[in-house]
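Colleague: give me coordinates for this.
(2 chains)
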Amino acid sequence: MSQSDTRKVGKSIPVRVLSPEVSVAARLVRIWKERELLFFMVGRDLTVKYKNSILGFAWSLLNPALTVIIYDFVFQVALHNGMPDYAIYIMCGLVAWNFFFNSVLTACGSVVNNGGLIKKVSFSREILALSSMGTAAVFWFFQMIILVLALVIFHFTPQTPYLYVVPLALLALVLLTGALSIFFSAVNVYFRDMQHILEVLLMALFWASPVVYTWITVKKSLVHHHLTWIYLADPITPIILLMQRAFYGNPASGKATTPSIKVANLPTGTHYVADFSSIWYIKYFIAVICVSVVLIILALKLFGRLEGNFAEEL
Amino acid sequence: MVEYSVEIQELSKHFKLYKEKHTSLKERIIHGMKAPYEEFWALRDISISIKQGDTVGLLGHNGSGKSTLLRCIAGILQPTSGRVLLRGSVAALLELGAGFHPDLSGRDNIYLNASLLGLSKRDIDGRFEEIVEFSELSQFIDNQVKFYSSGMQARLGFAVAVNVDPDILLVDEVLAVGDENFQRKCIDRINLFQKAGKTIIFVTHAADSVRQICDKAFVLDHGRVVADGTPGEAIRTFREYMMASGQRSLLEPLDQSILQDEHGESETLGTGDVEIKEVILEYPKSEHGNHLLAGDPMNVRLRYYAAKALDDAVVGISIFADNDLFFSATSQGHEVEVGELNGDGEIIFAFESVPLLDGVYKMTFEVRGTQSGLVYAWREQVDQFEVVNPGRDMGVVAFPLNIKVVSTSRK
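Modeller: Prediction:
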């Protein structure tokens, strides 16, 4: 219900046309006009989510913290992987992964769960998927703060050439997540079991990404079977690798970290992280960004075609 | 050139009615992509232009497509074909407080709801006090909405919606909420909108609200516009369609069909000494022929045949609406001598004026003997007449009324 601010000719009021065909550009313009609504929706989700729990907002941090503790216990204590400051290693990857996972999974249900709104109010329906992303972004932000605090406490210094690539990686992550969020939110209206299928797919994708294990551990067998390109074709993987390279990559020299197992004969500090150059990352992320933009356009087109029947299907 | 604020051009909306719906991927794979469905056109080639500043009613029975049309105008449903042109901002009141979240406070919900209706944060900040005041909920504004009564929620919803101040307001039968005091406020607010030259589209099946508020009305039936015109005319058409489609109007007595079936063709009860052959209604002032306007004169001509000479007859007429007696008179009461009835003849009831408002009214005629105590002829609620009220008065009786305002203060 945007107040159209198309240039006014004389005294006449701008005309808004409602018809079955709406261009992607028009959709984007409308979403942009309704950006304030997006913030209110994110605010609503955040307020509502923790309104009735004692710990409230702390849950958004407690949950990933417990995840880190569990993985730390399993891999350090039970499986003896012997990585120094393993918790920080997990956090680097998990922060990026959680954003992707929470966005796509909640966006998938967002249109169906807001059926009441869709039947009664006119607004850009994409806002629902985007607000799921917005909520995940808020959680991402708080987890980043925790990560930074942990880095400071444990004297980690970010690796400079890689640190500068992080924003590019995040941009790629956001665009890719956006395309998938919009896509699944619309498709789920027609295939209601999409959410369950997605949960399984995301779990598989999680283990296909080096969040809890290292690139080095899988590299050898990948190379051996010529499967490296498939593994790296998942754009989430290089994003996670970069996060690890930039933040975990080089434990501060002053710290006494003596890894019990040497994995490869690499210089100290980069034992466990991938050894791609920063230029490789930049090229990769630019490609991801280009593909994601195309995917977003396609997702919006599909969304527009399916959207016409949302109010009836819900 | 007339400025139209809403132009609907050849709008059609098509629904698929599934017998069994496959909503999951698993089911769709098992059953193939095809699910049995029936095509259903909720709207067919609707073209309506609504002038800026008009208040327009969309009348129709359930399933006529009126709500679908409103949703298409609001942009909630996408038309299958055709388009809607809108000049100016639109706010739709399809459900008060749509999007209210029970866990949020009244304050948060005002912001969320107003934002959904298209207001910017700055606008909401500016109107917040007014919204709270209008809703009369300032005490509870920081309570969670789940603790509000449904009336309170509706009040808050309406308060937000009317303060959005759109150019085009779409209203769907929401005025039936809240107490009388609040309803009056709503009507007042709608009147204010009208004075400010806003366009209002109002969907309802309550003919009275159309009469009270609208300048013009469209009647929808099976997805098509079947009538448009002044509220009075539209309401009449609406009523005819209601009857034609077998939906009983409240004005129709329920036992009418039974009555007709039982008594077959003669339609006359009684001893049979007098037969009421025909009842002819004449509306001397009405151009329409089949109905009269409130306050018009009416002649009722009752043609009879008396099988034998009767000299003690009294004739009577009664008028009913919904089986309630509105009027009853006899020749005896009017001190009119009927004289001897024998053979063919006619009794004329000449009403100088029928001071009734809208409705279909049934008549019962009676020819009775004063001495014999027999009912010679009795024709119950077979004949009817219809009154259409061209004005905006509501109720049952058309009191002739002039309103004057005389200022008595001295300058």
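Colleague: okay, and the nearest residue to residue A:276 once chain neighbours are set aside sits in which element?
Modeller: Excluding its sequence neighbours, the residue lying closest to residue A:276 (Cβ to Cβ, 6 or more residues apart in numbering or on different chains) is residue A:241, at 6.9 Å. Heads up, the C-betas are built off the backbone N, CA and C, glycines and all. Of the helices and strands defined by DSSP states H and E, residue A:241 is found in helix A:236-243.
Colleague: packing partners for whichever helix or strand comes after that helix?
Modeller: Per DSSP H and E, the first helix or strand lying C-terminal to helix A:236-243 is helix A:278-307. Other elements packing on helix A:278-307 under the criterion 3 or more Cβ pairs under 8 Å, 6 or more residues apart in numbering or on different chains; DSSP states H and E are helix A:24-33, helix A:160-163, helix A:166-190, helix A:236-243.
Colleague: could you report the neighbour count for the residue nearest to residue A:194 when sequence neighbours are not counted?
Modeller: Spatial nearest neighbour of residue A:194, excluding adjacent residues (Cβ to Cβ, 6+ apart): residue A:188 at 4.3 Å. Around residue A:188 there are 25 other residues, counting by other Cβ atoms under 10 Å in any protein chain shown.
Colleague: low-confidence stretches in the stretch 1-150 of chain B?
Modeller: For the stretch 1-150 of chain B, the stretches with pLDDT under 70 are B:1-2, B:19-22, B:31-36, B:96-98.
Colleague: and for the residue of the stretch 151-300 of chain B found nearest chain A, the neighbour number?
Modeller: Distances between the stretch 151-300 of chain B and chain A by Cβ to the nearest Cβ are smallest at residue B:167, namely 6.9 Å. Neighbours of residue B:167 under the rule other Cβ under 10 Å: 20.
Colleague: ok, now which ones touch it?
Modeller: By Cβ atoms under 8 Å, 6 or more residues apart in numbering or on different chains, the contact list for residue B:167 reads A:13, B:5, B:87-90, B:198-199.
Colleague: from those, which land in helices?
Modeller: When DSSP state H defines the helices, the subset of the contacts of residue B:167 inside them is empty.
Colleague: okay, those residues in CSV with distance to residue A:272 next?
Modeller: Formatted as CSV, these follow (distance: Cβ to Cβ, whole Å):
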residue, distance to residue A:272
A:13, 63
B:5, 66
B:87, 64
B:88, 62
B:89, 58
B:90, 58
B:198, 67
B:199, 67
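Colleague: which of the residues you listed sits closest to residue B:161?
Modeller: Checking the contacts of residue B:167 against residue B:161 with Cβ to Cβ, the nearest one is residue B:90 at 11.5 Å.
Colleague: torsion angles phi and psi at the closest residue to the closest one other than its chain neighbours?
Modeller: Once flanking residues are discounted, residue B:90 sits nearest to residue B:168: 4.6 Å by Cβ to Cβ, 6+ apart. Dihedral pair for residue B:168: phi -130, psi 120, per degrees, to the nearest 10.
Colleague: which residues are in contact with residue B:168?
Modeller: Residue B:168 sits next to B:5-6, B:86-91, B:198-201 when contact means Cβ under 8 Å, 6+ apart.
Colleague: ranking those by neighbours, who comes first?
Modeller: Neighbour max across these (other Cβ under 10 Å) = residue B:90, 28 neighbours.
Colleague: check contacts around residue B:136.
Modeller: B:155, B:182.
Colleague: tell me, how many residues neighbour residue A:140?
Modeller: Quick note: residue A:140 (other Cβ under 10 Å) scores 22 neighbours.
Colleague: please read the previous query as pertaining to residue B:26.
Modeller: For residue B:26, the neighbour count with other Cβ under 10 Å is 14.
Colleague: for the spatially most central residue of chain B, phi and psi?
Modeller: For chain B, the residue nearest the mean C-alpha position is residue B:207 (1.6 Å; Cα atoms, centre = their mean). When read as degrees, to the nearest 10, the backbone of residue B:207 gives phi -60, psi -30.
Colleague: out of the contacts of residue B:168, the closest to residue B:356 would be?
Modeller: The shortest gap between residue B:356 and any of the contacts of residue B:168 belongs to residue B:200, at 29.0 Å (Cβ to Cβ).
Colleague: show me what the strand or helix carrying residue B:191 is packed against.
Modeller: Using DSSP H and E, residue B:191 sits within helix B:180-195. Using 3+ Cβ pairs under 8 Å, 6+ apart, the elements in contact with helix B:180-195 are helix B:150-163, strand B:168-172, strand B:199-204, helix B:207-213.
Colleague: direction included, what does the third one pair up with?
Modeller: For strand B:199-204, the paired strands and their directions (DSSP bridges) are strand B:55-59 (parallel), strand B:168-172 (parallel).
Colleague: show me how far it is from its chain's centre.
Modeller: 13 Å (Cα atoms, centre = their mean, to the nearest Å).
Colleague: repeat that for the second one.
Modeller: Centre-to-centre, strand B:168-172 and its host chain are 17 Å apart (Cα atoms, centre = their mean).
Colleague: could you tell me the angle between it and helix B:180-195?
Modeller: Using axes from the mean of the first three to the mean of the last three Cα atoms, to 10 degrees, the inter-axis angle of strand B:168-172 relative to helix B:180-195 is 150 degrees.
Colleague: tally of neighbours for the nearest residue to the residue nearest to the centre of chain B once chain neighbours are set aside?
Modeller: Closest residue to residue B:207 in three dimensions, ignoring its sequence neighbours and counting by Cβ to Cβ, 6+ apart: residue B:235, at 4.5 Å. By other Cβ under 10 Å, 24 other residues sit near residue B:235.
Colleague: got the residues of the stretch 51-200 of chain B near chain A?
Modeller: Counting by Cβ under 8 Å from any Cβ of the partner chain, the stretch 51-200 of chain B comes close to chain A at B:71-92, B:94-95, B:98-99, B:101, B:103-104, B:108, B:111-112, B:115-118, B:120-121, B:167.
Colleague: among the residues you listed, name the ones in strands.
Modeller: B:81-87, B:90-92 (DSSP state E).
Colleague: from memory residue A:214 sits against residue A:83, does it?
Modeller: Yes: using Cβ atoms under 8 Å, residue A:214 is in contact with residue A:83, at 7.5 Å.
Colleague: who touches both of these two?
Modeller: When contacts are counted by Cβ under 8 Å, 6+ apart, residue A:214 and residue A:83 are jointly contacted by A:89, A:272.
Colleague: any idea how many residues pack against residue A:69?
Modeller: Counted with other Cβ under 10 Å, residues neighbouring residue A:69 total 12.
Colleague: check the one 10 residues further on too.
Modeller: Other residues lying near residue A:79 total 10 when counted by other Cβ under 10 Å.
Colleague: what's the pLDDT at it?
Modeller: We have a pLDDT of 82 for residue A:79.
Colleague: that one: what's it in contact with?
Modeller: No contacts exist for residue A:79 under Cβ under 8 Å, 6+ apart.
Colleague: and among the strands paired with strand B:199-204, the most buried is which?
Modeller: Compared across the strands paired with strand B:199-204, strand B:55-59 shows the largest average neighbour count, a mean of 27 (mean count of other Cβ atoms under 10 Å in any protein chain shown).
Colleague: on that earlier part again, mind checking the pLDDT average for the helix holding residue B:191?
Modeller: 79.
Colleague: same question for stretch A:207-214.
Modeller: 88.
Colleague: tell me which residues in it are buried?
Modeller: A:209-214 (16 or more other Cβ atoms under 10 Å in any protein chain shown).
Colleague: closest one of these to chain B?
Modeller: Out of the buried residues of stretch A:207-214, the member with the shortest distance to chain B (by Cβ to the nearest Cβ) is residue A:209, at 24.9 Å.
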